[in-house]
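S.K.: need a 3D model of the sequence below.
(one chain, ligands or ions: 1)
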Amino acid sequence: MSDSRLLDMLLSRPGEYISGEEISRKLSISRTAVWKQINKLREEGYEFEAVSRKGYRLVSKPEKLEYSTLLQAFSTVSFGRTLKLMDVTTSTQEEVRLLAEHGASEGTLVIAEEQTIGRGRQGRKWHSPAGKGIWMSLLLRPQLPLSAAPQLTLLTAVAVCRAVRAVTGIGVGIKWPNDLLVRGRKICGILLESVGEDEMIRYCIAGIGIDANLEPDDLPPELASIATSLQIESGRKVDRAVLIGAVMTEMEKLYGLYMEEGFAPIGHLWEALSVTTGQHITVKTAQGEVSGRAVGLEERGGLLVMQEDDSLTTIFSGEVHFDGCNP
Ligand code: BTN
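M.R.: Next comes the predicted model:
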């Protein structure tokens, strides 16, 4: 965490340069400590101009999500109406799990500005820097068998994809089952965790991570060539509250449709946004690798792959790799 005294000093003198020497003297810290504090604040989303012999000037503050703006952005009946907004947490998945165990209602949403142990699929970490992304988890309580959970994963991908397209105009597509890609790079990951009893779902936690306003420097080296952000792609900052509102609207609408009509309409919407269908792919599954052409979804949400010998295989879980360039 940054030292709040330095921030207070900079905020109290808007537009003014304050020299490192003055800061160091007034806060009784070394010049190196001043520089470190400035870098910490930069990581938290503050932007500074540093000019030699003049000092530091605060240029902009991070835009923090606020309850009031979020609630204004929501046009839902229940999704997101019970809202917990946090500066920092380990993982919003964990927060929702605790709320669910204490009886929280369907549609409860937890959003964090930063996650310290963000969880990805297959035990991976999810990079969740402060103030830059959308890190949120939504509680669902469908009265369905556990076997329906993969369909909810696809439903979530469709909802987020439609919301991102509507708000930003960026041509995002879905890689099976639920990664959102732009120009072959990931901008969003979805983690659906289910808790069941006697083969029925007790609750599901739909975790959504959107790389909204990350800049190239916010991506660690291992992600630089495989991930991107909405800001990098469009050259503009996205209003996170508006996008969260749009995701909630799509989620509520599609969830209602799914409960009334089953998976078929969701499957069609998924197909329309898929960048997987028609591609030559290799899928790494627990049983080994399957290669062939992705031909679409089957009714339970599995991916149909036509292998070289023309046999059709259905994949229910695995990691898709495109055999050419990423679409
Ligand atoms: C993936 O690996 O693609 C899934 C990433 C899911 C990340 C989101 S961010 C909000 C929620 N909290 C977590 O810890 N993970 C999910």
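S.K.: and the next helix or strand past the longest helix along the chain?
M.R.: Once the chain is assigned using DSSP state H, the helix that runs over the most residues is helix 240-261. With elements assigned by DSSP states H and E, the helix or strand that comes after helix 240-261 is helix 264-273.
S.K.: per-residue pLDDT, the closest residue to the ligand within the chain?
M.R.: Checking the chain residue by residue against the ligand with CB to the nearest ligand atom singles out residue 189 as nearest, at 2.2 Å. All C-beta spots, glycine's among them, are computed from the backbone N, C-alpha and C. In the predicted model, residue 189 carries a pLDDT score of 96.
S.K.: try residue 257
M.R.: For residue 257, the pLDDT comes out at 98.
S.K.: check residue 319 too.
M.R.: 87.
S.K.: would you map the helices across the stretch 101-250 of the chain?
M.R.: For the stretch 101-250 of the chain, the helices defined by DSSP state H, counting those that start in this stretch cover 149-168, 230-234, 240-261.
S.K.: just list what the first one packs against, helices and strands only.
M.R.: Identification of packing neighbours for helix 149-168 by 3 or more CB pairs under 8 Å, 6 or more residues apart in numbering; DSSP states H and E yields strand 173-175, strand 179-182, strand 185-197, strand 200-210, helix 230-234, helix 240-261, helix 264-273.
S.K.: same thing but at 10 Å, please
M.R.: In this structure, helix 149-168 makes packing contacts with strand 134-140, strand 173-175, strand 179-182, strand 185-197, strand 200-210, helix 230-234, helix 240-261, helix 264-273, judged by 3 or more CB pairs under 10 Å, 6 or more residues apart in numbering; DSSP states H and E.
S.K.: sketch out the low-pLDDT regions of the stretch 1-150 of the chain for me.
M.R.: Under the criterion pLDDT under 70, the flagged ranges of the stretch 1-150 of the chain are 1-3.
S.K.: same question, the stretch 201-327 of the chain
M.R.: 325-327.
S.K.: and it, which residues reach the ligand?
M.R.: For the stretch 201-327 of the chain, the residues found near the ligand under the criterion CB under 6 Å from any ligand atom are 207-209.
S.K.: now swap in the stretch 51-200 of the chain and tell me
M.R.: For the stretch 51-200 of the chain, the residues in contact with the ligand under the definition CB under 6 Å from any ligand atom are 91-93, 115, 118-121, 124, 126, 128, 135-137, 179, 189-191.
S.K.: can you rerun that using 5 Å?
M.R.: Within reach of the ligand by CB under 5 Å from any ligand atom, the stretch 51-200 of the chain has these residues: 91-93, 118-121, 126, 135, 137, 189, 191.
S.K.: ok, now which ones touch residue 182?
M.R.: With contacts defined as CB atoms under 10 Å, 6 or more residues apart in numbering, the neighbours of residue 182 are 164, 168, 170-173, 188, 211, 227-230, 232-234, 275.
S.K.: list only buried entries from those residues.
M.R.: Under a neighbour-count criterion of 16 or more other CB atoms under 10 Å, the subset of those counted as buried comprises 164, 168, 170, 172-173, 188, 211, 227-230, 232-233, 275.
S.K.: output those in a markdown table; the columns should cover distance to residue 30.
M.R.: Below are the buried ones among the contacts of residue 182 laid out as a markdown table (distance: CB to CB, whole Å):
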| residue | distance to residue 30 |
| --- | --- |
| 164 | 45 |
| 168 | 44 |
| 170 | 45 |
| 172 | 47 |
| 173 | 50 |
| 188 | 42 |
| 211 | 36 |
| 227 | 36 |
| 228 | 38 |
| 229 | 35 |
| 230 | 39 |
| 232 | 36 |
| 233 | 41 |
| 275 | 52 |
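S.K.: where along the stretch 1-150 of the chain do the strands fall?
M.R.: Listed in chain order, the strands of the stretch 1-150 of the chain (DSSP state E, counting those that start in this stretch) span residues 47-51, 55-60, 83-89, 109-115, 134-140.
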